[in-house]
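**Q** take this sequence and fold it.
(2 chains)
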Amino acid sequence: MTAEKNTDQAAETYKKSPAGTSAGGSVLGTPDAKPAINREEDKVQLYADRVKVFPRRVYGTFRSIKWIVMALSLSIYYLTPWIRFDRGPGVPDQAVLIDMPARKAYFFWIEIWAQEVYYATGLLILAAMILFLMTSLAGRVWCGYACPQTVWTDLFVHIERWIQGDRNQRMKLEKAPWGPSKIFKKFFTHICFMIVSILTGGAFVFYFGDAPTLAVQLVTGDAPMTSYLFIAITAGFTYLLGGIAREQVCIYMCPWPRIQGALVDENSLLVTYNKDRGEDRGPHKKGDTWEGRGDCIDCKQCVAVCPMGIDIRNGFQLECIQCALCVDACNGIMEKIDRPKNLIGYAPTHVDMAGGKVTQETKILRPRIFIYMGMIAIVCGIMLTSLFTRSDIELNVLKDRNPLFVTLSSGEIRNGYTVNILNKQHVDRPVYVRVSGIEGAQIRTAFSEPAKQVKTTVPPDDMRSLRVFVLVDGKIATTGDLADGKGEVTFEVLDENGTLLLDHDSAFNSAGK
Amino acid sequence: MSKIERDEHTGTETTGHEWDGIKELNTPLPKWWLYTFYACILWSIGYMVVYPAIPFAGENGYSEGTFGYSQRDVVAEEVAQAKAAQSQYLDQIAAKDFEEIRGDQDLMAFAAQGGKAAFGDNCAPCHGTGAQGFTGFPNLNDDDWIWGGTLSDIYQTIKHGIRWDEDDETRFSEMPRFLDDGLLERSQVEDVTEYVLSLSGNSSSPEKVERGAVIFAEQCTVCHGESGMGDRMQGAPNLTDAIWLYGGEREDVYSTIAHSRRGVMPSWAGRLDDATIKQLVLYVHGLGGGEQTIADEAEDFAEEMADEPVEDEAAQQ
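**A** Residues are numbered from 1 along each chain as shown, chains lettered A, B, ... in the order given. Next up is the predicted model:
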């Protein structure tokens, strides 16, 4: 009667279960069940409150480098649209211009038409490869110095400092109750942010129109609506990302900190705290011995200057943008307390992993460096070759599909084509169009007499679309290659001197035999 | 709900419902979700008031809404706007003659595109979307025109049609049904057929051709001409070329002579406005087979003459 016994037991368990056997009130489920995984105490808190960062002013080598990079990148950004470059009459004289209505982009002597946008693919590949190369050599130098997010955030922090004072004053102001002074300072800061943002957006649209003309139009209110819209969009994002979100963008929005994990290896340069030298850290009074303790006096200057609000002494972190401001801060302190510099400094990752000891040789020329450089060279090579060998005239032939061919009263077979000729020169270009490949084939436009060739003029920087008819004698159209009703004809474009510029194959149809 | 019970494992409230010892945890929808949902309900009420929403309410079989919005009106307005935008071209096309239109590149481009669209709507069922024609329906791409291929010829044909009884100005001619009407014997028709085929070099029986030539001279030359080149004034096709509207095989030609064809094209004068007909004419004329008008040629001739020095007539006298 084992089965019956089991049932009894089951029933008993069932009766007991609602009350539970373990300590503490009601327990759901069976008493011998494993503890629930989703216990309250085990729950991971996924939300982190934002801790506002108030970076302190700092002086030093890397701060100077940052100033120079900021000045350079901002000048390039703001001044480029104003550079003039003479291309001849009737063509924009702006050196760098993306002409949306004309579907053309100008970069000094390079002109890109809409159908050549694939060059942008090459540029993007190039940008990615250079970024990979830089990261594996020197870590996140892009993030620390050149990224627009870093540059503009830096600019906004300087403005904030100029109006509200340095770190301590800003923190005090933040805690202070709202009063006229606080309202004015905060308000004025954000007004300045917005002015910078609008100037940023304003410079952006100059890349898409003639800068001097557009500048006047923007002021007088005559500029196209899209200009104002894009200024608003760019300004809005500059204000939001640089003025408000700041380090949050790098920590939560940007994919680059995640990608860099795969790119940094033990030989890459990183801003590192030398634990071996620094620990044990602790306050130090003048005159005390340095024996038996580390060089770090726990002054927290590295934390105070950090625009990301982190402590570099915790090691390599996702948040660290490698701007090296903590290096400047720490070196200033080391100088004051008369200890060697570079307690925090650029060092290869393997040093950090070994706790600050140099245990192996740093290799700069690694296979991956050669692979990146090789790929950069290949992409550059392909792009330059195609750029310098591309033709300034293009030919495209579309054959009529309906009807495929027309039989004329004389028995001749006629096929219709649309010939598109693209002239990238800035002058009128007279050309001849002729056909070859079929014996005795003649060509004509809708209203001209059949002849060996058709003359047309392609306007400057434009396309000429020409309707032509090709006529083939009825006998030829039923014999030889055309016996099965399908033949090939080649369109040739010649210049005035009779030099062949381009050719394009197309089909010629007839009824066949 | 006097006492809120909490689950020990998760710390979540329960709903108080219990089934076989299993209690339901109370995990309500997030507040933001709920409030968004309520806001949507409120919004939908407003929407139903201002826009057409309720079926079988109101005069038109639906509630019209206080905004009076109707997608039909929007479409009607868009159509009216499109027409207004085109009117500057259409008015010009209606007012100008063909040569003036062809002289204006923009206007000509508009007319050709408009003609293409109108052709697709009205002409394609018979003539084909590429105007390539079918048996009995002429190919408009080629250079063979039964009633003439100049702009004015095509204009006349489209406007008034061919053998269209309802139009007084329609092009009209009727080829006799030689066999059906008892004008010729069956063998005679065969002979003429052979002769007609011989005109384009396709006959195989010299005897029949010889006999056929005599009958052709008696019966057919009035319209088709002595050499069979046809007469456009009467819509009599050229029998010597490579194009056959009803097929060029022996039985096709025989059938044409025996029973006649008398193809019909409607007049479009009442159905399409003059600007549309003009666009159609320019489109068809530009398909590749369009012919110059005699007036054009005269003009070219006059220009050539003007270039040459004219002697002073007074001096001669």
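**Q** residue A:54 against residue A:171, yeah?
**A** Yes: at 5.3 Å, residue A:54 and residue A:171 qualify as touching, with contact defined as C-beta atoms under 8 Å. All C-beta atoms are positioned from the backbone trio N, CA, C, and that covers glycine.
**Q** who has more neighbours, the two?
**A** residue A:54 (21 against 14; other C-beta atoms under 10 Å in any protein chain shown).
**Q** so which bits of chain B are right by chain A?
**A** Counting by C-beta under 8 Å from any C-beta of the partner chain, the positions of chain B adjacent to chain A are B:5, B:7-11, B:18, B:20-23, B:128-132, B:139, B:141-144, B:238, B:241-243, B:286, B:288-290.
**Q** what's the local residue count around the nearest residue to residue B:137 once chain neighbours are set aside?
**A** Computed as C-beta to C-beta, 6 or more residues apart in numbering or on different chains, the closest residue to residue B:137 that is not its neighbour in sequence is residue B:126, at 4.6 Å. Burial of residue B:126 is recorded as 14 neighbouring residues (other C-beta under 10 Å).
**Q** contacts only, for residue B:126.
**A** B:134, B:137, B:265 (C-beta atoms under 8 Å, 6 or more residues apart in numbering or on different chains).
**Q** could you measure from the last one over to chain A?
**A** According to C-beta to the nearest C-beta, to the nearest Å, residue B:265 and chain A sit 19 Å apart.
**Q** what about that residue, neighbour count?
**A** Here the number of neighbours of residue B:265 (other C-beta under 10 Å) works out to 20.
**Q** returning to that earlier point: TSV for the contacts of residue B:126, including secondary structure and pLDDT?
**A** TSV is the format used below for those (DSSP: H, G, I helix; E, B strand; the rest coil; pLDDT from 0 to 100):
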residue	secondary structure	pLDDT
B:134	strand	93
B:137	strand	95
B:265	strand	96
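**Q** can you mark which positions in the helix or strand harbouring residue A:199 are buried?
**A** Per DSSP states H and E, residue A:199 falls inside helix A:180-205. Residues of helix A:180-205 classed as buried: A:185-186, A:189-190, A:192-193, A:196-198, A:200-205 (neighbour count, 16 or more other C-beta atoms under 10 Å in any protein chain shown).
**Q** tabulate the contacts of residue B:126 in CSV, adding columns for distance to residue B:62.
**A** Formatted as CSV, the contacts of residue B:126 follow (distance: C-beta to C-beta, whole Å):
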residue, distance to residue B:62
B:134, 47
B:137, 46
B:265, 45
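**Q** picking that back up, can you classify the residue nearest to residue B:137 by secondary structure?
**A** helix (DSSP: H, G, I helix; E, B strand; the rest coil).
**Q** number of nearby residues for the residue of the stretch 101-250 of chain A found nearest chain B?
**A** Per C-beta to the nearest C-beta, residue A:101 is where the stretch 101-250 of chain A lies closest to chain B, at 19.0 Å. Residue A:101 has 8 neighbours, counted by other C-beta under 10 Å.
**Q** counting by contacts, list what the longest helix belonging to chain B packs against.
**A** What stands out as the longest helix in chain B, according to DSSP state H, is helix B:71-95. Secondary-structure packing of helix B:71-95 (3 or more C-beta pairs under 8 Å, 6 or more residues apart in numbering or on different chains; DSSP states H and E): helix B:105-122, helix B:274-285.
**Q** how about a cut-off of 10 Å?
**A** Judged by 3 or more C-beta pairs under 10 Å, 6 or more residues apart in numbering or on different chains; DSSP states H and E, helix B:71-95 is in contact with helix B:98-103, helix B:105-122, helix B:274-285.
**Q** so how far is that helix from its chain's centroid?
**A** When distances are taken as C-alpha atoms, centre = their mean, to the nearest Å, helix B:71-95 is centred 20 Å away from the chain's centroid.
**Q** same thing with stretch B:14-23?
**A** Computed by C-alpha atoms, centre = their mean, the chain-centroid distance of stretch B:14-23 equals 74 Å.
**Q** list the buried residues for it?
**A** Neighbour counts over stretch B:14-23 (16+ other C-beta under 10 Å) mark B:14, B:21, B:23 as buried.
**Q** hmm, back to that, please pick the buried ones from the residues of chain B next to chain A.
**A** Buried residues within these, counting neighbours by 16+ other C-beta under 10 Å: B:7-10, B:21, B:23, B:128, B:130-132, B:139, B:141-144, B:238, B:241-243, B:286, B:288-290.
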